[in-house]
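> coordinates only, sequence not included:
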């Protein structure tokens, strides 16, 4: 009986710790988006509803927090591909994920100045995320090809290149809406010839 109590007591702090970590990451994403890499870590802790000690226990340095924010966004993107594939038809899942990827690009652009403050720059961090993002779109495109909704010669990375390319000309405030319209154009152009 004592063992069961100690096991359940041991689980609860892990759940609370995970929730605290997630709240810190959300607050940090918002703060870095609004204020850049020099956002106050104490303010981030306050916004997350935790003490500074909790923030530093999870993220001992500013760089660790910035990296964790970026990694969490990439993990959400990869998880969304799996979730969409489970509940949506192939083409709809691909489209939904591509729209989410546009939002990811926007978030990455906003947080890029913070990422660039990392010692050595963000290139290692970006390299690590490339596999997750590539795997997500590969899976969705293969599924759409197998269903016959997408051409067999489509290279999944071409879709990513097109969306990333739009982000590099993001000079107007409405570039994100334009990129989302491009998703539909890309989907239409990816259908098999009749």
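Received the coordinates, thanks. Computed from a predicted structure; not experimentally measured.

> Let's verify residue 50: helix, strand, or coil?
Following DSSP: H, G, I helix; E, B strand; the rest coil, we place residue 50 in the coil state.

> Please look at it and residue 26 and confirm they touch.
No. Contact criterion C-beta atoms under 8 Å: residue 50 and residue 26 do not qualify, at 11.6 Å. Where you see a C-beta, it was placed from the backbone N, CA and C, and this is true even at glycine.

> okay, these two: which has more neighbours?
Neighbours of residue 50 and residue 26, each counted by other C-beta atoms under 10 Å, are more numerous for residue 50; the result is 19 against 15.

> Spatially nearest residue to the more buried one (excluding sequence neighbours)?
With sequence-adjacent residues excluded and distances taken as C-beta to C-beta, 6 or more residues apart in numbering, residue 50 is closest to residue 20, at 5.1 Å.

> where's that neighbour relative to residue 75, distance?
17 Å (C-beta to C-beta, to the nearest Å).

> in whatever helix or strand residue 80 lives in, what's buried?
Mapping residue 80 onto the secondary structure by DSSP states H and E places it in helix 62-87. Within helix 62-87, the residues that qualify as buried are 62-63, 65-70, 72-74, 77-78, 80-81, 84-85, counting by 16 or more other C-beta atoms under 10 Å.

> State the number of residues packed around residue 51.
Residue 51 has 13 neighbours, counted by other C-beta under 10 Å.

> hang on, isn't it packed against residue 44?
No. Counting by C-beta under 8 Å, residue 51 does not reach residue 44; the two are 11.5 Å apart.

> Read off the pLDDT value for the spatially most central residue of the chain.
Nearest to the mean C-alpha position of the chain, counting by C-alpha atoms, centre = their mean, stands residue 73 at 2.7 Å. According to the model's per-residue confidence, residue 73 sits at a pLDDT of 86.

> and the closest residue to it other than its chain neighbours, how many neighbours?
Spatially, and ignoring its direct neighbours in sequence, residue 73 is nearest to residue 107 (5.8 Å; C-beta to C-beta, 6+ apart). Using other C-beta under 10 Å, the number of residues around residue 107 comes to 18.

> Going along the chain, name the helices of this structure.
In order along the chain, the chain carries the following helices (DSSP state H): 2-35, 41-48, 52-58, 62-87, 90-115, 123-146, 156-168, 175-189.
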